[in-house]
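**Student:** Sharing a model prediction with you, sequence too.
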Amino acid sequence: MSQAKDTLLRLLALLRLIPTEPQRIASTTLLEKLHDKGFSVTLRSIQRDLNRLSLPYSLQCDESESPFRWSFTRDAPLRLEDMDAPTALALYLSESHLTTLLPQTVIDQLSPQFRRARNFLGDVGHNGLADWARRVRAIPNGKTLLPAAIAPEVWRVVSGSLLERRKIEVAYRSRSKGGVKQLVLHPVGLVARHAITYLLASVDGYDDLRQFALHRIQLIQMLETEAREQPDFNIDEYIARGRFSQRQGDERVELVADVHPQLAELLSETPLSDEQSLVGLPDQAWKRLCAWVALDRETLWWIFGLNENIRVHAPQVWVDEIRQRLKSMHQFYLNEEILAIPAPNLSCASTADAKHTV
């Protein structure tokens with residue numbers, strides 16, 4: 001019985017080592033890998049096993065070179081091959097991103113695959129693709145906030161309601177109005193933006209779509225009744241209309257500004273828009289920037305972040321707001337009451353006791 005069990009385990013291990021065409025693996029390589037896994041087997045035994053398994057499992061042999069190369073056919077009825085390095089790398093790098101985009105039921109089904117990917121990359125440290133995961137990172141442009149904490153039950157119910165097209169009842173804490181309200185919502189979509197994920201939904205009895213931050217949902221339950229369909233809803237069009245960019249108007253405006261040479265170099269490599277020009281200014285290294293952009297708060301905040309590296313000439317609405325902001329900040333930092341606070345009283349709690357609050 002023990003010998004039969006060892007043979008079965010060896011055959012399973014052998015099948016898991018064989019890739020799907022067009023990839024192939026040599027019989028001698030299979031022998032080495034089986035030895036690495038602790039199986040005592042000869043090359044002749046492997047060749048005999050492969051011939052016996054080729055018909056029921058749709059294995060094919062390339063005899064054009066020696067040693068022979070083996071692979072599964074594309075339409076093989078059963079595939080037991082181990083995860084390859086490209087697949088493991090893709091899963092490893094996408095895991096943290098997909099966790100906030102896919103329904104919880106899908107994440108639960110993918111969890112074993114994510115775990116296999118981590119284990120695979122951990123076991124093949126000499127592999128170039130495995131090493132890629134330790135050498136490559138994507139970082140955001142600018143300061144990022146910690147993601148808002150979403151209760152697992154909230155994510156499970158919200159994602160489930162979208163899949164099943166059912167209404168949900170929530171206790172929602174409004175940031176603008178304060179207090180907690182009981183609402184029945186008709187979900188239509190999800191948008192992850194920076195550190196916050198928003199549910200797009202209409203409130204029962206109303207047709208307009210609103211945005212609900214998932215981390216502000218305190219209690220939630222899925223109802224048995226179906227959510228109201230919005231056949232004309234298109235999530236890409238919704239985003240393109242500036243629903244998340246706090247637009248000040250529907251029109252585009254021409255941003256005209258003088259920019260520092262280093263900023264000009266950056267904008268020449270990564271333009272602010274498709275319609276942008278940079279022209280040198282007489283007798284100085286600064287350049288004149290002209291770009292057609294949306295009249296939104298995001299662009300204005302970007303300008304504020306540049307500080308003394310930009311001098312805006314147009315649109316006038318932004319020039320006026322920049323002047324007002326600078327005036328307010330100037331007065332704020334000249335406030336004698338703030339400046340008179342003793343230094344020891346300015347410190348926050350010690351690092352050990354400090355906690356972020358929402």
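**Tutor:** That came through fine. Computed from a predicted structure; not experimentally measured.

**Student:** What distance do you get for the nearest residue to N309 once chain neighbours are set aside to V317?
**Tutor:** Leaving aside its sequence neighbours, N309 sits nearest to H260 (Cβ to Cβ, 6 or more residues apart in numbering; 4.0 Å). Any C-beta I mention is one placed from the backbone N, CA and C, and that applies to glycine too. Between H260 and V317 the computed distance is 23 Å (Cβ to Cβ, to the nearest Å).

**Student:** Pick out whichever of these two has more residues nearby.
**Tutor:** H260 (17 against 13; other Cβ atoms under 10 Å).

**Student:** wait, that one sits on L281?
**Tutor:** No - applying Cβ atoms under 8 Å, one finds H260 not in contact with L281, separated by 11.3 Å.

**Student:** How about the contacts made by the residue nearest to N309?
**Tutor:** Contact analysis of H260 by Cβ atoms under 8 Å, 6 or more residues apart in numbering lists 286, 308-310.

**Student:** Most neighbours of all those residues, which one?
**Tutor:** Counting neighbours by other Cβ under 10 Å, I310 comes out on top of the contacts of H260 with 19 neighbours.

**Student:** and that one, what is it in contact with?
**Tutor:** So, once contact is read as Cβ under 8 Å, 6+ apart, I310 ends up touching 257-260, 263, 289, 303.

**Student:** where in the stretch 101-250 of the chain is pLDDT low?
**Tutor:** When residues are selected by pLDDT under 70, those of the stretch 101-250 of the chain lie in 123-131, 243, 245-250.

**Student:** show me where it has helices.
**Tutor:** Secondary structure of the stretch 101-250 of the chain (DSSP state H, counting those that start in this stretch): helices located at 104-123, 128-135, 152-164, 235-240.

**Student:** how close does I139 get to V154?
**Tutor:** To V154, I139 is 28 Å away according to Cβ to Cβ.

**Student:** Comparing these two, which residue is more hemmed in?
**Tutor:** V154 (21 against 6).

**Student:** beta partners of the closest residue to the more buried one other than its chain neighbours?
**Tutor:** Leaving aside its sequence neighbours, V154 sits nearest to I217 (Cβ to Cβ, 6+ apart; 4.9 Å). Residues in a beta bridge with I217, per DSSP bridges, are Y172.

**Student:** what residues are up against I217?
**Tutor:** Going by Cβ under 8 Å, 6+ apart, I217 touches 151, 154, 158, 170-173, 199.

**Student:** again, only this time at 10 Å
**Tutor:** By Cβ atoms under 10 Å, 6 or more residues apart in numbering, the residues touching I217 are 150-151, 153-155, 157-158, 168, 170-173, 180, 183, 185, 199.

**Student:** Assign a three-state SS to P271, would you?
**Tutor:** coil (DSSP: H, G, I helix; E, B strand; the rest coil).

**Student:** which residues touch whatever helix or strand H35 lives in?
**Tutor:** H35 is part of helix 27-36 when elements are defined by DSSP states H and E. With contact meaning Cβ under 10 Å, 6+ apart, helix 27-36 is reached by 10, 13-14, 16-18, 25-26, 39-47, 49-50, 61, 66-70, 82.

**Student:** Kindly recompute the last result at 8 Å.
**Tutor:** Contact with helix 27-36 is made by 10, 13-14, 17-18, 41-43, 46-47, 50, 67-70, as judged by Cβ under 8 Å, 6+ apart.

**Student:** Highest neighbour count among these?
**Tutor:** Neighbour-wise, these (other Cβ under 10 Å) top out at W70, 25 neighbours.

**Student:** Start and end of stretch 134-146, how far apart?
**Tutor:** Terminal residues of stretch 134-146 lie 22 Å apart, using Cα to Cα, to the nearest Å.

**Student:** Can you give the contact residues for it?
**Tutor:** Contacts to stretch 134-146, defined as Cβ under 8 Å, 6+ apart, come from residues 93, 194-195, 305, 356.

**Student:** 6 Å - rerun?
**Tutor:** Stretch 134-146 is contacted by residues A195 when judged by Cβ atoms under 6 Å, 6 or more residues apart in numbering.

**Student:** So what's the gap between it and the chain middle?
**Tutor:** Mean-position distance between stretch 134-146 and its chain equals 11 Å (Cα atoms, centre = their mean, to the nearest Å).

**Student:** What distance do you get for L278 to W302?
**Tutor:** In terms of Cβ to Cβ, L278 sits 16 Å off from W302.

**Student:** actually A291, not the one I typed
**Tutor:** Look at A291 and W302: by Cβ to Cβ, they are 11 Å apart.

**Student:** more neighbours, the two?
**Tutor:** Neighbour count, other Cβ under 10 Å: between A291 and W302, A291 has more, with 20 against 15.

**Student:** Can you name the residues bridging to R210?
**Tutor:** Beta-bridge partners of R210, counted by DSSP bridges, are A201.

**Student:** And for it, the neighbour number?
**Tutor:** Neighbour count of R210, defined by other Cβ under 10 Å: 14.

**Student:** do the same with S40
**Tutor:** By other Cβ under 10 Å, 9 other residues sit near S40.

**Student:** try A201
**Tutor:** Quick note: A201 (other Cβ under 10 Å) scores 27 neighbours.

**Student:** same check, this time on E229
**Tutor:** 10.

**Student:** Also K177?
**Tutor:** 7.

**Student:** Looking at the record's assignment, how would you partition the protein?
**Tutor:** By the record's domain assignment, the chain is partitioned as 2-72, 85-135, 152-240, 247-333 (automatic domain parsing).

**Student:** Pipe those into CSV and attach distance to K143 per row.
**Tutor:** Output for these, formatted as CSV (distance: least, Cβ to Cβ, whole Å):
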stretch, distance to K143
domain 2-72, 44
domain 85-135, 19
domain 152-240, 10
domain 247-333, 9
